[in-house]
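Colleague: Need coordinates for the following:
(one chain, ligands or ions: 1)
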Amino acid sequence: MRIGAHVDPTDPLEAAAARGADAVQFFLTDPQGYKSPKPREDAAALRESEVDIYIHAPYIVNVASPNNRIRIPSRKLLMAHARAAAELGAKGLIVHGGHVGKDADLAAGFDNWRKAFEYAEKDGGLPLPILIENTAGGDNACARRFDDLARLWEAVAGFGAGFCLDTCHAFAGGEDLVGIVDRVKAITGRIDLIHANDSKGGFDSGQDRHDNLGNGKIDPDLVVAAIRASGAPAVVETPGGTEGQTADIALLRERAGR
Ligand SMILES: [Zn+2]
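Modeller: Sure thing, here's the model as predicted:
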């Protein structure tokens, strides 16, 4: 069982050591901006490390958007991040499922996802797995409700898309955590990573507000059960810095019996 944390990008390996983490996830750029990643001085150290590396794409990436001025830069930014993440030996690039906005047709969002993968293939191919993450809210989200996720997967499965299950987003998005791994796998056939987070927001609240395990509205045993059932590595994206995340990682290891 590999457990890690979302950390500051300054020194991810030091952050991993401080938390007793087997894995780290971080941003390569400002998550709210359209800047392309720059080469990192610690690229070789990250590549050679025993710690598993995951990169999270910026939040503003929305390849599902019907708006050209969001969708086109999002595709390019996703590709730039994929290349930069592969340089670091990352196991996957996590990107939110995106949304089409109020009154828009979700079918266009799924088709835009297909086109994003086609664009990537034409542009030399993706150098690492893209892990699409379920979201808590968003106007007409592609990967909040699992019946929508099933339609998204019809569009992207053929391109080898991976899946990242966020427990906070699932709960706040209105998906029951009991038996969730089986329900996801029936759709995607795979779970590549778990984002093991508690939720400040209530069930189906649509609020993307992470909390430390046992502090929010989710029974931590359901998070542990999801990690075990999936067999996937887990990353906590929880508050409280080193102290808060170290406690979350310890709780997961303890309850999972390792
Ligand atoms: Zn997440």
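
Colleague: Report pLDDT for residue 102.
Modeller: Looking at residue 102, its pLDDT reads 88.

Colleague: From the ion, how far off is it?
Modeller: 24 Å (CB to the ion, to the nearest Å). No exception for glycine: its C-beta is placed from N, CA and C like everyone else's.

Colleague: same thing with residue 20?
Modeller: The gap separating residue 20 from the ion is 21 Å, by CB to the ion.

Colleague: send the alpha carbons of stretch 20-29 over as PDB?
Modeller: Below are the C-alpha coordinates for stretch 20-29, written out as PDB (Å, rounded to 0.1, in the frame of the first residue of the first chain):
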ATOM      1  CA  GLY A  20       6.800   9.500   5.800                       C
ATOM      2  CA  ALA A  21       5.200   9.500   2.300                       C
ATOM      3  CA  ASP A  22       5.800   6.900  -0.400                       C
ATOM      4  CA  ALA A  23       4.300   9.200  -3.000                       C
ATOM      5  CA  VAL A  24       4.000  12.900  -3.700                       C
ATOM      6  CA  GLN A  25       1.800  14.900  -5.900                       C
ATOM      7  CA  PHE A  26       2.400  18.600  -6.800                       C
ATOM      8  CA  PHE A  27       1.700  21.300  -9.300                       C
ATOM      9  CA  LEU A  28       4.300  22.400 -11.800                       C
ATOM     10  CA  THR A  29       2.800  25.900 -12.200                       C
END
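
Colleague: Please identify the buried residues of it?
Modeller: The neighbour-count check on stretch 20-29 (16 or more other CB atoms under 10 Å) flags 21-29 as buried.

Colleague: Show me which pair in those residues is furthest apart.
Modeller: Pairwise distances across the buried residues of stretch 20-29 (CB to CB) peak at 24.8 Å, for the pair 22 and 29.

Colleague: Can I get the longest helix belonging to the chain in CSV, CA atoms only?
Modeller: If you go by DSSP state H, the chain has its longest helix at helix 68-87. In CSV, the C-alpha atoms belonging to helix 68-87 read as follows (Å, rounded to 0.1, in the frame of the first residue of the first chain):
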residue,chain,number,x,y,z
ASN,A,68,-12.7,27.8,-27.8
ARG,A,69,-10.8,30.3,-25.8
ILE,A,70,-10.8,27.9,-22.8
ARG,A,71,-10.7,24.6,-24.6
ILE,A,72,-7.8,25.2,-27.0
PRO,A,73,-5.4,26.6,-24.4
SER,A,74,-6.5,23.8,-22.1
ARG,A,75,-5.5,21.2,-24.6
LYS,A,76,-2.1,22.8,-25.1
LEU,A,77,-1.5,23.2,-21.4
LEU,A,78,-2.4,19.6,-20.8
MET,A,79,0.1,18.5,-23.4
ALA,A,80,2.8,20.8,-22.0
HIS,A,81,2.2,19.4,-18.5
ALA,A,82,2.2,15.8,-19.8
ARG,A,83,5.7,16.3,-21.3
ALA,A,84,7.0,18.1,-18.2
ALA,A,85,5.6,15.5,-15.9
ALA,A,86,7.2,12.7,-18.0
GLU,A,87,10.5,14.4,-17.7
